[in-house]
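>>> sequence plus predicted model, see below.
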Amino acid sequence: MQMGFRWYGEGNDDIKLSDIKQIPGVTSIVWALHDKMPGEVWEVEEIARVQKALEPYGFNMDVVESVNVHDDIKIGLPSRDGYIANYIQTIRNLSKFGVKVICYNFMPVFDWTRTDLFHPVGDGSTALYYEAGKIHDDPKEMADYILNNLHGLTFPGWEPERMAKLDELFEAYKPVTKEKLWENLKYFLEQLMPVCHECDIKMAIHMDDPPWDIFGLPRLLVDAASIDKFLGMVDDPYNCLTLCSGSLNANPENNVASIVRKHCDRIAFAHIRNVKHFENGDFSEASHRDCDGDTGILDILKAYHDCGFEGYIRPDHGRHLWDEGPGNVRPGYGLYDRALGIMYMWGIWDMLDKLDMLDKLDKWDKLDR
């Protein structure tokens, strides 16, 4: 596997590239142009500035997260073809810099949904939290809470310019049923696949977070059956998954390791995140250690290892540790817990490598006899 670390860019992230360089085994910076609005073309000169920042540290820029999809494409408006043309131009521009994977999502209105960005975990740290009872209330209240607690930091899918038009967005999505959203996603991908082949860039869709409808908005990538549908709907090796263990396992009925084993060849990018469930439907994000949550991190990483996964992977949301908190850290994206998560993942992977080697040596020994 190829280890990555999400970074929000110079002047937009308190974490420095020199900090990330000290985390063993990180070769990829998962990046984006966070000042771009959905639908805008990512220009060559803008991408080149990111490349220039990464070069002194030896990081590659193979994975982009996120090139966000314009709402007109998701809604299926006549204007979508113009925005798809812009997306195609962005793919071509990214290919000039060796980009191999684009992580995106197709969630209406909200990119992800949480009700508490700094919820006490119980050990002195805080983490992202979802309180099920609050999601039945006014979406404006949740949106205002999130925007007011980002302290000026950017978050893809939570652009203030879009959130200011929340009433208009909900009105525009009213005719969009789940089946219509599937149709619009298929239309989008079918337009992109020829240029993805031309540029050797995989489109890797992120799971919906959380994996159920919210505020009356349909969600698509929510379970094993919907993933089967998605991959069969546009059955192309460049139509891939960003398989997010935490997003899927917000629903404890989802078996992420089983999905990995079934579709490993279509997983271009993996997010490893741990979730702790509560009986009332709430959930909290947790450390990456298997026993601290209910996601099955050990089983998931063994599934990737057994399948010979050589794609890109990164730790997903971590807790906020050691004085990280509101105003000095982007929620879910502190330095320390993600670094701890990487070392936990490498420890599992290295042990699995060693066990495989010992098993082969034992087989050879028996053959020699």
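Ah, there it is.
>>> so His271 lies in a strand, does it not?
Yes - going by DSSP: H, G, I helix; E, B strand; the rest coil, the assignment for His271 places it inside a strand.
>>> just to check, it is in contact with Asn249?
No - His271 is beyond contact range of Asn249, at 11.1 Å (criterion: CB atoms under 8 Å). (Glycine included, C-beta is placed from N, CA and C.)
>>> burial count for Asn274?
Residues lying near Asn274 (other CB atoms under 10 Å) number 30.
>>> ok, it - contacts?
Going by CB atoms under 8 Å, 6 or more residues apart in numbering, Asn274 touches 245-246, 285-290, 292-295, 297.
>>> enumerate every residue touching Tyr238.
Going by CB under 8 Å, 6+ apart, Tyr238 touches 193, 196-197, 201-203.
>>> which neighbours does the strand or helix carrying Met3 have in its sheet, and in what orientation?
Using DSSP states H and E, Met3 maps to strand 2-6. If you go by DSSP bridges, strand 2-6 pairs up with strand 26-30 (parallel), strand 312-315 (parallel).
>>> for the stretch 1-150 of the chain, what spans make up the strands?
2-6, 26-30, 63-65, 101-104, 116-120, 126-130 (DSSP state E, counting those that start in this stretch).
>>> now the second one: buried residues?
For strand 26-30, the buried set under the neighbour-count rule, 16 or more other CB atoms under 10 Å, comprises 26, 28-30.
>>> wait, which of those residues is closest to Phe188?
Val30 (22.1 Å; CB to CB).
>>> quick check: bridge partners of His271?
Beta-bridge partners for His271, by DSSP bridges, are Cys244, Arg314.
>>> residue closest to the middle of this protein?
His206 (5.4 Å; CA atoms, centre = their mean).
>>> rewinding a little: Leu77 is nearest to which of the strands paired with strand 2-6?
Nearest of those (CB to CB): strand 26-30, 30.4 Å.
>>> looking at the buried residues of strand 26-30, spot the one nearest Phe215.
Using CB to CB, the buried residues of strand 26-30 come closest to Phe215 at Val30, 28.5 Å.
>>> report the contact partners of that closest one.
Going by CB under 8 Å, 6+ apart, Val30 touches 4-7, 63-65, 103, 312, 314.
>>> Leu169 against Lys74, yeah?
No - counting by CB under 8 Å, Leu169 stays clear of Lys74, with 10.2 Å between them.
>>> roughly how far is the helix ranked longest in the chain from the heart of the chain?
In the chain, assigned by DSSP state H, the helix with the most residues is helix 336-368. Distance, stretch centre to chain centre, for helix 336-368: 26 Å (CA atoms, centre = their mean, to the nearest Å).
>>> packing partners for it?
The contact analysis (3 or more CB pairs under 8 Å, 6 or more residues apart in numbering; DSSP states H and E) places helix 336-368 against strand 2-6, helix 297-306, strand 312-315.
>>> a markdown table for those, including mean neighbour count and mean pLDDT?
Listed next are the helices and strands packed on helix 336-368 as a markdown table, based on neighbours: other CB atoms under 10 Å; pLDDT from 0 to 100:
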| stretch | mean neighbour count | mean pLDDT |
| --- | --- | --- |
| strand 2-6 | 23 | 96 |
| helix 297-306 | 21 | 97 |
| strand 312-315 | 26 | 96 |
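>>> turn the ones you listed into TSV, columns for distance to Lys96.
TSV is the format used below for the helices and strands packed on helix 336-368 (distance: least, CB to CB, whole Å):
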stretch	distance to Lys96
strand 2-6	20
helix 297-306	30
strand 312-315	19
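>>> out of the ones you listed, flag the one nearest Lys363.
Among these, helix 297-306 comes nearest to Lys363, with 16.6 Å by CB to CB.
>>> name the helices or strands packed onto that closest one?
helix 256-263, strand 267-272, helix 336-368.
>>> give me the phi and psi for Leu217.
phi -90, psi 130 (degrees, to the nearest 10).
>>> got it, and Arg330?
In terms of degrees, to the nearest 10, the main-chain angles of Arg330 are phi -80, psi 130.
>>> skipping its backbone neighbours, what lies nearest it in space?
Once flanking residues are discounted, Arg330 sits nearest to Leu153: 4.9 Å by CB to CB, 6 or more residues apart in numbering.
>>> thought that neighbour was touching Asn12?
Yes - the pair Leu153 / Asn12 is scored as a contact, 7.2 Å apart, by CB under 8 Å.
>>> next, the residue nearest to the centre of the chain: phi, psi?
Here is the backbone geometry of His206 (degrees, to the nearest 10): phi -90, psi 150.
>>> correct me if wrong: it contacts Val101.
No - using CB under 8 Å, His206 is not in contact with Val101, being 11.4 Å away.
>>> show me where this structure has helices.
17-21, 44-54, 71-75, 80-95, 139-148, 160-163, 166-173, 178-199, 224-233, 245-249, 256-263, 297-306, 336-368.
>>> what does the fourth one contact?
For helix 80-95, contacts defined as CB under 8 Å, 6+ apart pick out 38-44, 47, 64, 67, 69-70, 72-73, 102, 184, 187-188, 191-192, 195-196, 199-201.
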